[in-house]
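[1] build me a structure from this.
(one chain, ligands or ions: 1)
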Amino acid sequence: MQYHQLGNTDLKLSQLGYGASPLGSVFGKVDQSTGIRTVHSALDWGINYIDCSPYYGLTKAETMLGKALKGISRDRYILSSKAGRYGPDQADFDMSPQRIRASLDESLRRLGVDELDIFLLHDIEFVDLDYVLAESLPCLQALKKEGRIRYFGVTGYPLQSLQKIVHNYPLDCVLSYCRYALHDTSLASITALLQQRGVGVINASPTAMGLLTERGAPDWHPADQSLIDCCRQAQQLCIEQGVNITQVAMQFAVSHQAISSTLVGTANPQNLRNNIDWIEQPIDEALVAQIRQIFAPCASNVWSSGLAENSD
Ligand code: NAD
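    Numbers count the residues shown, from 1 in each chain. The predicted model follows:
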């Protein structure tokens, strides 16, 4: 496993990070012992970065992760969690300083830790970005000064939202998802800006939330039919070449030099083992070129997320 520094922070994240959303049963029901075993395996196999949120399974993921981390030395893992999003609907967002502070206390309690290494505002595109700049981010800055968190940043899907924040506030990192994977590489268009500002880049969802797996995406996936069709074609090509599409997806997502860590979610230790083994093997460039060709004419490899004014 390789370890990469996150922007200007002193954190060295494993190239592959563990995304704990599946512990909230968001991709299918997960029993506690398997979930806990997956977290322990991740740490034993060299992953040192774990990400969670109170939103995943409406606190279930943080609660299960807290049980998994109990008794594990705090220096073995770098932990991020989030605030601001508490459900699927627009009304479930609250990025007020008061709620952010209460949310941090609740997350620390559920996770069983005294501080978070990284604290992120969850999916900023759903709220007024001027409010985020004026109220929410100064709150995170204050929490950092108070020693409650070590570093902070934002997460979001539209790149325009991330760019606006980075242009207007000194952040430690951003977490982007589904924007550097086989179907969409647009995150690469803003990595120069992020690097120039010393903002660390965390890339999430290398399988595009299940799209680039043999099982396919869950019902709630926002991709439109044309993208799902392109994924099927890509999968067919991989089957013909005797390769699992998730192998290529994992290898591709970790390949960008500006990305410190790529978060993959699974509650299955065997999947995690495969992912770790795959990223250590050389990528088949010719196959990647063919897959990228399949996605090139795809009508829309981007979906809408959040307020219209914050969309790409
Ligand atoms: P992902 O691309 O990691 O996909 C997860 C899905 O892929 C699950 O169904 C899992 O079972 C499957 N999978 C993983 N490895 C596999 C393998 N080897 N074989 C077959 N299937 C495999 O998407 P994700 O879970 O949404 O993203 C990873 C993490 O990134 C999340 O858990 C979360 O921590 C973070 N994330 C954050 C945000 C945000 O902050 N807005 C958004 C998305 C993801």
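[2] which parts of the stretch 201-312 of the chain sit against the ligand?
    Within the stretch 201-312 of the chain, the positions lying close to the ligand (C-beta under 6 Å from any ligand atom) are 204-210, 213, 246, 263-266, 271, 274-275. Where C-beta positions appear, they are placed from N, C-alpha and C, glycine not excepted.
[3] if we go to 5 Å?
    Applying C-beta under 5 Å from any ligand atom, we find that the stretch 201-312 of the chain lies next to the ligand at 204-205, 207, 209-210, 213, 246, 263-266, 271, 274-275.
[4] make a markdown table out of these and add pLDDT, neighbour count and distance to G198.
    A markdown table is the format used below for those (pLDDT from 0 to 100; neighbours: other C-beta atoms under 10 Å; distance: C-beta to C-beta, whole Å):
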| residue | pLDDT | neighbour count | distance to G198 |
| --- | --- | --- | --- |
| A204 | 98 | 23 | 20 |
| S205 | 97 | 24 | 24 |
| T207 | 97 | 25 | 29 |
| M209 | 93 | 23 | 29 |
| G210 | 92 | 20 | 33 |
| T213 | 93 | 19 | 34 |
| T246 | 97 | 23 | 33 |
| L263 | 98 | 24 | 21 |
| V264 | 97 | 26 | 26 |
| G265 | 94 | 26 | 28 |
| T266 | 93 | 24 | 31 |
| N271 | 96 | 17 | 34 |
| N274 | 97 | 16 | 34 |
| N275 | 98 | 27 | 29 |
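[5] among these, which ones are in strands?
    204, 263-265 (DSSP state E).
[6] where in the protein is the helix or strand with the lowest mean pLDDT?
    Ranking every helix and strand in the chain by mean pLDDT, DSSP states H and E puts helix 225-240 at the bottom, with a mean of 93.
[7] just checking, what packs against that one?
    In terms of contacts (3 or more C-beta pairs under 8 Å, 6 or more residues apart in numbering; DSSP states H and E), helix 225-240 is packed against helix 245-253, helix 285-295.
[8] quick one: the ones you listed as CSV, columns for distance to L237 too.
    Below are these laid out as CSV (distance: least, C-beta to C-beta, whole Å):
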stretch, distance to L237
helix 245-253, 8
helix 285-295, 6
